[in-house]
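Engineer: this one's sequence-less:
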């Protein structure tokens with residue numbers, strides 16, 4: 001669970017940094033074009049407002065208890081019906097540069113949540129989640145995706 005919490009926390013910190021940069025870009029546009037270009041000033045103001053809103057929402061979610069994935073795992077694990085992970089490798093010119101894992105949580109209402117984590121930790125987290133979510137299906141397949149699109153409830157282990 002600590003690995004999952006750290007991954008969620010890291011993802012939220014990156015979102016805060018991106019939101020602050022978005023706000024900075026909007027403020028910069030407002031400052032530079034205030035006297036000369038009204039349209040660019042308005043665009044900058046809009047970007048700054050969106051950036052501030054995202055900073056607020058992300059900082060609120062930074063409290064781990066408020067994050068949706070962790071809340072579901074602790075309070076409502078029965079809502080998660082399917083869990084799978086994907087490893088993305090970036091290999092420019094054939095040299096493996098970076099591996100990044102993403103764990104997807106599919107819910108009974110058709111929603112999807114995901115969290116990025118180191119690819120080496122995916123197996124450990126998946127084993128932990130297998131014990132925590134005995135009713136959920138694990139692993140990706142085209143058949144499971146089609147079942148999920150028809151009815152998410154069909155992916156519960158006791159429903160098969």
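Structural biologist: Looks like it arrived, so ask away. Because the structure is predicted, anything quoted here is derived from the model rather than measured. Numbers count the residues shown, from 1 in each chain.
Engineer: Where is the longest helix in the protein?
Structural biologist: helix 2-33 (DSSP state H).
Engineer: and after that helix, which helix or strand comes next?
Structural biologist: Next along the chain after helix 2-33, taking DSSP states H and E as the criterion, comes helix 38-61.
Engineer: Name the residues that touch the helix or strand following that next one?
Structural biologist: Going down the chain from helix 38-61, the next helix or strand is helix 68-75, by DSSP H and E. Residues outside helix 68-75 that contact it (Cβ atoms under 8 Å, 6 or more residues apart in numbering) are 1, 4-5, 8, 61, 64-65, 79-80, 105, 107, 113, 115, 129, 132. (C-beta placed from N, C-alpha, C; glycine too.)
Engineer: still on that earlier bit, what pLDDT, on average, does the longest helix of the chain get?
Structural biologist: Mean pLDDT, computed over helix 2-33, is 89.
Engineer: Just the buried residues of stretch 83-103, please?
Structural biologist: The neighbour-count check on stretch 83-103 (16 or more other Cβ atoms under 10 Å) flags 83-85, 101-103 as buried.
Engineer: From the residues you listed, which land in strands?
Structural biologist: 83-85, 101-103 (DSSP state E).
Engineer: thinking again about what came up before, what's the closest of the buried residues of stretch 83-103 to residue 23?
Structural biologist: Taking Cβ to Cβ as the measure, residue 23 sits nearest to residue 102 out of the buried residues of stretch 83-103, at 26.7 Å.
Engineer: For that closest one, give me the pLDDT.
Structural biologist: So, for residue 102, pLDDT stands at 91.
Engineer: for residue 63, same thing?
Structural biologist: Per the predicted model, pLDDT is 66 at residue 63.
Engineer: Least confident secondary structure element in this protein?
Structural biologist: helix 68-75 (a mean of 84; mean pLDDT, DSSP states H and E).
Engineer: Count the neighbours of residue 141 for me.
Structural biologist: 10 (other Cβ atoms under 10 Å).
Engineer: any idea how far the residue lying closest to residue 140 once chain neighbours are set aside is from residue 57?
Structural biologist: Using Cβ to Cβ, 6 or more residues apart in numbering and skipping the chain neighbours, the partner closest in space to residue 140 is residue 84 (4.0 Å). Look at residue 84 and residue 57: by Cβ to Cβ, to the nearest Å, they are 27 Å apart.
Engineer: Can you tell me which of the ones in strands among the buried residues of stretch 83-103 is closest to residue 28?
Structural biologist: Closest to residue 28, out of all of these and judged by Cβ to Cβ, is residue 102, at 32.1 Å.
Engineer: Good, wrapping up.
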